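Q: This is the structure alone, sequence omitted:
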């Protein structure tokens, strides 16, 4: 079976980098993962002690936009994200939003990679920085390394699955480290709904391996049409 590209919904040989995959049931109508809005932003430069003001745009994909779901996060070297300190004003309608972001009294701590995202931070693509990411460089501070734009993510590989109503499903997946060692407690499977929301999946998961590569075995019994959905590891 084939995978689904999380950004474009196009068939791929397998699902990797943590993208959405679909569990389909025999005799039921399958639906793919929701598409993400298109976010456009450029890299920025500022001066130490100065201020910055820049704009970005968000265009809808499948569903109308909600201003309350637009966020900007700051990326750290250890793969964590925190809320960015930019003041943000949004204008537009449910089809397209224009954002104005600003910050005063810039310091070297503000020099970092950032990501503008809708609802939740997306899985990274196979090549290049994540959609909506940008780099803020502060003059007077040590230039950032090229790879600080977006921290590396583990490579997650899984295939689409099929099952029968009332039956069971069992499948495996792998997680391989990027820069930081893996922590099994940080591996999760979520179920995607048609309205772009995620909940914990009901799969039973067993993990084996070490801090460099983890193999997961996921299973579920008594499958129903409600189990047919897009999922993300």
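A: Received, thanks. Here the structure is a predicted model, which is why all the values come from computation and not from measurement. Numbers count the residues shown, from 1 in each chain.

Q: Can you find the helix or strand of the chain with the lowest average pLDDT?
A: Here the helix or strand of the chain ranked lowest by mean pLDDT, DSSP states H and E is strand 3-4, holding a mean of 33.

Q: For residue 210, grab phi and psi.
A: Main-chain dihedrals, residue 210, degrees, to the nearest 10: phi -130, psi -160.

Q: residues contacting it?
A: By CB atoms under 8 Å, 6 or more residues apart in numbering, the contact list for residue 210 reads residue 182. The way it works is simple: take the backbone N, C-alpha and C, and place the C-beta from them, glycine included.

Q: Tell me the spacing between it and residue 174.
A: Going from residue 210 to residue 174 by CB to CB, to the nearest Å gives 12 Å.

Q: I'd guessed residue 115 sits against residue 130; true?
A: Yes. Contact criterion CB atoms under 8 Å: residue 115 and residue 130 qualify, at 5.9 Å.

Q: for the one residue sitting closest to the centre of the chain, helix, strand, or coil?
A: Against the mean C-alpha coordinate of the chain, by CA atoms, centre = their mean, the closest residue is residue 122 at 1.6 Å. Of the three states, residue 122 takes coil under DSSP: H, G, I helix; E, B strand; the rest coil.

Q: Point out where this structure drops to low pLDDT.
A: Counting by pLDDT under 70, the chain shows low-confidence ranges at 1-34, 78-79, 124-128, 143-153, 179, 193-197.

Q: got the contact list for stretch 212-221?
A: With CB under 8 Å, 6+ apart as the criterion, stretch 212-221 contacts 168-177, 181-182, 184, 187, 189, 202-209, 227, 233.

Q: residue boundaries of the helices in the chain?
A: Counting by DSSP state H, the chain has no helices at all.

Q: And for residue 202, the neighbour number?
A: When neighbours are counted by other CB atoms under 10 Å, residue 202 registers 11.
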